[in-house]
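Engineer: Sequence plus the predicted model coming up.
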Amino acid sequence: MQRRDFSRSLLAAGATALTAGLVPLAAQAQVGGFKEGTDYLRLGKPVATDSGAGKVEVLEFFAYSCIHCYNFEPVMAAWMKKLPANVVVRRTPVAFSDAFVPMQRLYYTVEAMGLVDSLHEKVFRAFHVDKVRLQDPAVIADWMGKQGVDMKKFNELFNSFSVVGKAKRAAQMQDLYAVEGTPALGVGGRFYVPGQGPRTLQIADALIAELRKGA
C-alpha cells in the first residue's frame, strides 16, 4: 500500500535518505546474504524500543485496508509462532491519513480486549472479502456487535485515552521508521524491512540473528 519502488527510492539523492532519517547507500554491507540498501535499511538514528534488555523488538507495520497486509497476515502469524522467547513482535497499525485512525483504534481495542487471536484475521476478511467499510466508527461498532463482543466495553475502550494514545504512538513509530508502505517491519530499533512477501521474514530472521549476536 502506497509503496514507492524500493530500489529506485534508495538510488535517489542521498539527501532524501538523510531527511527520512535513513542511512544512504554506502559500502553495501550484508547481513546473512542480504544487502543493506537493497533488501533492508539501517536507520540513521536508532529508535528506542519498549521490550526491555535482552529482547529484540519487531514492529509489524500494517493497515487493515491494505490487501498486501491481508495476504501477508497468515505468513506473519505462522512466523510469530516459531520465534524464540526473546523476540517480541508488536503489530503497529499505520495512519497515512486521518481515514486510517478508526482502524488503528479498532486494532488497539481488539488488543486490549484480548481478542487479537480470534478477531484480527476476521477484520481483514471483513474489509477485503465482505467489503465492510471500516473507516467509519459507526460501521466498526455495528460490525463488532455482530461478533458477539461486549459492546459496552468495546465502546469504552475504543474512545479511551489509552487506545487513542496508542494510535498516536503508532503514528510516531511509523514516522521514526520512515515507513512508506505496508506491510513492513522495523527490527530492533535499527533496521527497516519493506514488504517483499515471505522474503521479508527471511531478511528479518537474519537481522534478528545479527542483533542477538550483539552487533
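Structural biologist: Looks like it came in fine. Fair warning: this is a prediction, and the values are worked out from it, not measured in the lab.
Engineer: just for this protein, where's the confidence low?
Structural biologist: 1-28, 215 (pLDDT under 70).
Engineer: Next, the residue nearest to the spatial centre of it: secondary structure please.
Structural biologist: Taking CA atoms, centre = their mean, the centroid of the chain lies closest to Phe61, which sits 1.3 Å from it. Put simply, Phe61 is strand when judged by DSSP: H, G, I helix; E, B strand; the rest coil.
Engineer: My guess is it contacts Glu180. True?
Structural biologist: No - applying CB atoms under 8 Å, one finds Phe61 not in contact with Glu180, separated by 9.8 Å. In short, each C-beta sits where N, CA and C put it, glycine included.
Engineer: returning to that earlier point: now the residue nearest to the centre of the chain: closest residue in space, sequence neighbours ignored.
Structural biologist: Leaving out its chain neighbours, the residue that sits closest to Phe61 by CB to CB, 6 or more residues apart in numbering is Ala184, at 4.5 Å.
Engineer: Correct me if wrong: the one you found contacts Ala63.
Structural biologist: No - taking contacts as CB under 8 Å, Ala184 lies outside contact range of Ala63: 10.5 Å.
Engineer: between those two, which one's more packed in?
Structural biologist: Neighbour tally, Ala184 and Ala63, criterion other CB atoms under 10 Å: the higher count belongs to Ala184, 27 against 24.
Engineer: State the distance from that one to Val75.
Structural biologist: From Ala184 across to Val75, the span is 14 Å (CB to CB, to the nearest Å).
Engineer: for Lys55, same thing?
Structural biologist: For Lys55, the distance to Val75 equals 23 Å [CB to CB].
Engineer: And the helices in this structure?
Structural biologist: With helices called from DSSP state H, the chain shows them at 6-10, 14-19, 67-81, 101-112, 116-128, 137-145, 151-158, 161-176, 198-212.
Engineer: Let me know which of these is the nearest to Ala29.
Structural biologist: With CB to CB, the closest approach to Ala29 among these belongs to helix 198-212: 10.4 Å.
Engineer: Would you mark the buried spots in the closest one?
Structural biologist: Residues Thr200, Leu201, Gln202, Ile203, Ala204, Asp205, Ala206, Leu207, Ile208, Glu210, Leu211 are the ones in helix 198-212 that count as buried (16 or more other CB atoms under 10 Å).
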